[in-house]
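[1] this one's structure only:
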Ligand code: F6P
């Protein structure tokens, strides 16, 4: 076991429901191990500015059920440069801290890896992003809540689609990955799911829309991930009108998907990973991410977590085709 006296924690990148539960787990696990814990406010940007505060068990009371991150977060431009990272490392050294837990997505893990590489700060990442696009873990913190939130909206949109015999295009988040789109599409009974991983053409969409009405469907719903090659939901609606004279209503769910109280599943994942992040550091592990796969904790090197691509489940892609017609 490694002796750790002082440890810092920060959240970085897009907020995700369950980040607070993960902070709570890290703080309380570390205190349980006799470690002094410090919260960094405002992600890597806050680190550069020296926003470091001592934390106690009571600092994380009454936050497990809250969305967002009470430590606040940022997408730091300065931290993408060596000078910014040097300043961040200096701040940690001023506080006599050599161990850091970073909760975030791949951009945040790049920053954490660089801190280890350039300044030998021991870092452990916890995957926190609604996109679920991190290799080395079945799920990321926030994904389950985002899927529930989007699904709730889709169920409501279906009522209007059915009442007015309309076609809806619903845009969900996911610039590079279609995990949210695929899961809410299947669970919401979508006729078509457009994910960034597929290259569905406009011609194909036009043909599909004709088959739906021939099959007796009076309304339909397509789920579009924001990163699809055909463009945003609004752009796709315009193209369908211009090319096939098909009128679609558009609903962009946007940042509603990032907020709200985390589901039980996200709170559980966050509690587990927070606990394991501290124990990974105590075991001398560094430059890694803790994840959860096949009901076990996993350790993935930070570069591997963004270099390898987590694929969509091919079986789910097949199932949705069969069920959607
Ligand atoms: O990475 C999470 C995410 O919500 C993506 O799905 C989305 O594309 C992006 O963040 C939006 O980022 P921002 O809130 O900074 O505009």
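    Yep, that arrived. The model shown is predicted, which means the values in this text are computed figures rather than measured ones. Numbering: from 1, shown residues only.

[2] Pull up the residues of the stretch 101-250 of the chain that are close to the ligand.
    105, 129, 130, 131, 173, 174, 175, 226 (CB under 6 Å from any ligand atom). C-beta coordinates here come from the backbone N, C-alpha and C atoms, glycine included.

[3] show me the contacts for residue 69.
    11, 15, 16, 19, 20, 23, 103 (CB atoms under 8 Å, 6 or more residues apart in numbering).

[4] Could you dump these into CSV with pLDDT, neighbour count and secondary structure added?
    Formatted as CSV, these follow (pLDDT from 0 to 100; neighbours: other CB atoms under 10 Å; DSSP: H, G, I helix; E, B strand; the rest coil):
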residue, pLDDT, neighbour count, secondary structure
11, 98, 31, strand
15, 98, 25, coil
16, 98, 34, coil
19, 99, 32, helix
20, 98, 28, helix
23, 99, 29, helix
103, 99, 35, strand
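
[5] ok, these vs residue 321, which is closest?
    Checking those against residue 321 with CB to CB, the nearest one is residue 16 at 29.7 Å.

[6] Nearest spatial neighbour of the closest one, chain-adjacent residues omitted?
    Excluding the flanking residues, the one nearest residue 16 by CB to CB, 6 or more residues apart in numbering is residue 142, at 2.6 Å.

[7] Pull the residues that contact the helix or strand harbouring residue 221.
    If you go by DSSP states H and E, residue 221 is part of strand 220-225. Strand 220-225 is touched from outside by 154, 157-158, 161, 167-175, 177-178, 180-181, 184-185, 188-196, 205, 209, 212, 230, 232-233, 236, 248, with contacts defined as CB under 8 Å, 6+ apart.

[8] Surely residue 262 and residue 268 touch.
    No: look at residue 262 against residue 268 with CB atoms under 8 Å: they stay out of range, at 9.5 Å.

[9] Reformat the contacts of residue 69 as CSV; add distance to residue 36.
    CSV is the format used below for the contacts of residue 69 (distance: CB to CB, whole Å):
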residue, distance to residue 36
11, 19
15, 26
16, 27
19, 22
20, 21
23, 15
103, 19
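
[10] quick check, nearest of these to residue 146?
    The closest of the contacts of residue 69 to residue 146 turns out to be residue 16 (CB to CB; 7.6 Å).

[11] Would you list the phi and psi of the residue nearest to residue 302 when sequence neighbours are not counted?
    Among residues not flanking residue 302 along the chain, residue 113 sits closest, at 4.2 Å (CB to CB, 6+ apart). The phi/psi pair for residue 113 (degrees, to the nearest 10) reads phi -60, psi -40.
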